[in-house]
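Asks: Sequence first, then the predicted structure:
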Amino acid sequence: MPRKTNPALCATRGHLWKPVCRSRDYTVDHCARCPERRSRPPTPGEKASWKRWIKSKHPSEMHALSWAADAIVKEKSGYPAIVALERFAKKHPKRIFTAAVDDGANAGSSLTFITHEATRHNDTFDDHRAGEPQWHGVSVYYAPQCTGEKPTNFFLYPCDLYGLIETLQAVKKHMLTFPEVRREMNRHARWRRLDAKEKAEKCRKI
């Protein structure tokens, strides 16, 4: 059933905010009386609650490499950051992939792809199965050698483009070793076929 709303009540008494989504950096509130939403920094209690939830759902190994990379790019920039990320990638060749690009000043730069994965799930939900290897996604770190260009951009020579494609293919090949990812891809494929069928039927009616 659609949610009942009362915007007139909000106009006189104000919004009745309830948190509906939270992360490490922000919390999204939804008004219980109207369709309004807002985003705000989390309170210390909400941040602590989010960390407890992450630990319960995601093993610490899942995000550890990304958090380590966060520390690198906060401490370093430009060429030192590129070198530090490359050294970090060599320590974890099965989970970190790199690609060479040029930044907006045509100076050699890098993209670093860090996978978020774990050896097993803590519980069963959605496409996930308890005990199976867990795949969450990929963080991409862009380290330009000459920092500060606005907006930040990078340039791909033909060799860079092929290298980036090869890196993405390597990430995809690794990702598809996870059963939950294959199940999700199959489900999306069914949705695409249904969408195509519905569009074809609409075209025939027109």
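Replies: Perfect, thanks for sending it.

Asks: Specify the beta-bridge partners of residue 110.
Replies: Beta-bridge partners for residue 110, by DSSP bridges, are residue 100, residue 143.

Asks: how close does it get to residue 78?
Replies: In this view, residue 110 and residue 78 are 11 Å apart by C-beta to C-beta, to the nearest Å. Yep, even glycine has a C-beta here, placed from its N, CA and C like the rest.

Asks: Those two: who's more crowded?
Replies: More crowded of residue 110 and residue 78, by other C-beta atoms under 10 Å: residue 110, with 21 against 16.

Asks: for the more buried one, what are its contacts?
Replies: By C-beta atoms under 8 Å, 6 or more residues apart in numbering, residue 110 lies in contact with 82, 85, 86, 98, 99, 100, 101, 142, 143.

Asks: quick one: the second one and residue 100 touch, right?
Replies: In this case it means residue 85. No: counting by C-beta atoms under 8 Å, residue 85 sits too far from residue 100 to count as a contact (11.9 Å).

Asks: Which one of these two is surrounded by more residues?
Replies: residue 85 (22 against 18).

Asks: Where does the more buried one fall, secondary structure wise?
Replies: helix 78-91 (DSSP states H and E).

Asks: And for residue 140?
Replies: Going by DSSP H and E, residue 140 is part of strand 134-143.

Asks: what's that strand packed up against?
Replies: helix 61-75, helix 78-91, strand 108-118, helix 158-175, helix 179-205 (3 or more C-beta pairs under 8 Å, 6 or more residues apart in numbering; DSSP states H and E).

Asks: and that strand with helix 179-205, angle?
Replies: 80 degrees (axes from the mean of the first three to the mean of the last three C-alpha atoms, to 10 degrees).

Asks: Strand 134-143: what's the following helix or strand?
Replies: Next along from strand 134-143, by DSSP H and E: strand 154-155.
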